[in-house]
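**Q** Quick one, what's the 3D model for this:
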Amino acid sequence: MKRWLWLCALGGLALAGPCAERPYTLETEDGLLGGENLSYDGEVLVFEGKACLEREGVFLQAPSLRYQKGKGFWAEGLEGEAEGWRLSAQRLEGRALYAVRLEKERLRAQVESLLLENPPLGQGVFLQTPSYRVRAKEARFQRREVRLKGFLATSCPCGEDLRLAMEEARFDPATGGLLGEARLGLWGLEVPLGEARANVNRRPALESPLVLGSGPDGGWTLGLRGFPLPRPGEEVGGWERRLTLLGQGLGTKGAALVLGLREGGKGAEVQFGSGAGVRAFLDDVYLAAVPTPPDPATPSLEALYRPTFRLEGLTVSPFARYAATSRAQGLTLGAEGEYRFAYQEGPFTLELAPYALLTFYPGSPYAPYAALGLGLRGGYQEGDLGLRAEYAGRLEPLGFTPPFAYEKRGEFQRLSVSADYLGLSLGYTLENPLGNRIDRLEGGYRDPALGTFRLAYLRGSHEEIRFGYAMPLPDRACCQAFWLAPELGLSGGGLSRYGLTFRYYDGCFAYELRAQTVLKGQYGEAQGPSFSFGLFLR
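**A** Modelled structure (predicted):
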């Protein structure tokens, strides 16, 4: 007992960490012990009163801490820090912490056991991040990096239908960056990605490449658009190389097969069937050859150079284009630009976006073409009260029809005002007052438990009343749910349109079926049935 007390005194003189400031200290092979009170229970030393354990990279504190040479430590209700992570643990036995919680920035980790090694070794790790649920068999916690083994991450709220697996991974807690040899799992399949990166602080930019739908003309679209072909070292979801294999207009005379490959700003596309031809693009350059164009507006030959320059809110795109159609051919020189300005003061917001386009046709009899536009939006938001007003319009001041459809910017005007308060909303929209005028007055009510109800009156090519309803969106923690949004239109005592959007949510995905039939459209609106299928991450 006297010899141990002598070691305690020497330890207090030799070390200068937080534990060294306690009245009683003891230096052991596993770290420095300290406390305000010290007692002896047989072969066990008992530190009480801000009892602490300190070693390189680790500081722990508990109401009391027991130590027996050869057997290690025992304590309950510990708090402290390990390699920069805030730590709390249910108990300490020997040289291992159990039921451990670790926190750093926005990261939260639960660890079944944490061995007090250098660096600490976690077993049975579960990490909760803003975008992923992560589990690992082992984790070496270092101040600037965590080494993980048996790593698996999923962005799904329930289950692991979509997952990222790595045998070993390096994780940077400061940035959320993750690096390792990865496999991407989708349902029961796994695709090797090679070396891949991810960031646990943002959701992966994953979209379903499957396209399935039909339009009012009866033609079907079926295939893959933007199917990813991962390359080693790329971030998950940020794959630049993508494949397109798509059938369009299937079941009609305009049926075509499109095969394309894109990598960043480079790519090419071949189309067979209606509108057969070749298209290629290289950053700001676009080339196309279509020997038999499907319509007069599609060029049989086209070459376009269009760079884009941005400076704060200004975007300018000058372009030079050669095109040959059945109606015209020649060179087009022009520029298109827009400036966006935003201002906010307290509850008031203002957005302004003037727009202009001007083109010339050197060596041809065509007159210059111009389009001018303006977007203006104002808003007021104070508590539950919101007011908004918006105008958007475009004019063709020279009054000439351009020789090519590419630069055509048709005239339109749209004015809308709306207000909402405590779930109630009321809005009015006026479109094209000098042409095919459409007036729309719409009211709505939104309740978190009942859903959203909409009632609208339209006066355009005919008078129409539309009813709409949408169920409340399911909570993300709900593993299975259904969602419906029906719509109905009445005109002249009969149906003018009807439709339904249906979604099924599982633990990871939302599957959407949308069907609509337009019996009587407004000003050139396509009539007939349409159908689409969608799949997206929850």
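**Q** Give the helix, strand or coil label for the residue lying closest to Y369 once chain neighbours are set aside.
**A** Nearest residue to Y369, sequence neighbours excluded (CB to CB, 6 or more residues apart in numbering): P402, at 4.1 Å. Every residue, glycine included, has its C-beta placed from N, CA and C. Under the three-state scheme (DSSP: H, G, I helix; E, B strand; the rest coil), P402 adopts coil.
**Q** so P402 makes contact with K408?
**A** Yes. Taking contacts as CB atoms under 8 Å, P402 lies within contact range of K408: 5.3 Å.
**Q** Stretch 331-346: end-to-end distance?
**A** By CA to CA, to the nearest Å, the extent of stretch 331-346 from end to end equals 50 Å.
**Q** Work out the gap between that stretch and the centre of the chain.
**A** Centroid separation between stretch 331-346 and its chain, computed with CA atoms, centre = their mean, to the nearest Å, is 26 Å.
**Q** which of P402 and K408 has more neighbours?
**A** Neighbour tally, P402 and K408, criterion other CB atoms under 10 Å: the higher count belongs to P402, 23 against 15.
**Q** how much space between that one and V111?
**A** Separation of P402 from V111 (CB to CB, to the nearest Å): 66 Å.
**Q** Quick one: residues contacting G226.
**A** E207, P209, R242, L243, T244, R262 (CB atoms under 8 Å, 6 or more residues apart in numbering).
**Q** again, only using 7 Å
**A** Residues in contact with G226 (CB atoms under 7 Å, 6 or more residues apart in numbering) are P209, R242, T244.
**Q** buried sites along the helix or strand hosting it?
**A** Per DSSP states H and E: G226 is located in strand 220-228. Buried positions in strand 220-228, judged by neighbour count with 16 or more other CB atoms under 10 Å: W220, T221, G223, R225, F227, P228.
**Q** out of the residues you listed, what pair is the most spread apart?
**A** W220 and P228 (23.9 Å; CB to CB).
**Q** mind checking how far the closest residue to F502 other than its chain neighbours is from A526?
**A** Once flanking residues are discounted, F502 sits nearest to L513: 4.8 Å by CB to CB, 6+ apart. Separation of L513 from A526 (CB to CB) stands at 20 Å.
**Q** can you check R414 too?
**A** Separation of R414 from A526 (CB to CB) stands at 20 Å.
**Q** who has more neighbours, these two?
**A** R414 (16 against 10).
**Q** Three-state assignment for that one, please.
**A** Classified using three-state DSSP, R414 is strand.
**Q** Could you tell me how many residues sit around the closest residue to W187 other than its chain neighbours?
**A** Closest residue to W187 apart from its sequence neighbours, by CB to CB, 6+ apart: D161 at 5.4 Å. Neighbourhood size, D161 [other CB under 10 Å]: 15.
**Q** Tell me what F47 is bridged to.
**A** On DSSP bridges, the residues paired with F47 through beta bridges are L38, L65.
**Q** Which pLDDT value goes with it?
**A** We have a pLDDT of 91 for F47.
**Q** ditto for the one 3 residues further on
**A** As predicted, K50 sits at a pLDDT of 88.
**Q** mind listing what it touches?
**A** Here K50 is in contact with R22, G35, E36, Q61 (CB under 7 Å, 6+ apart).
**Q** ok, which pair from those residues is furthest apart?
**A** E36 and Q61, at 11.5 Å, using CB to CB across these.
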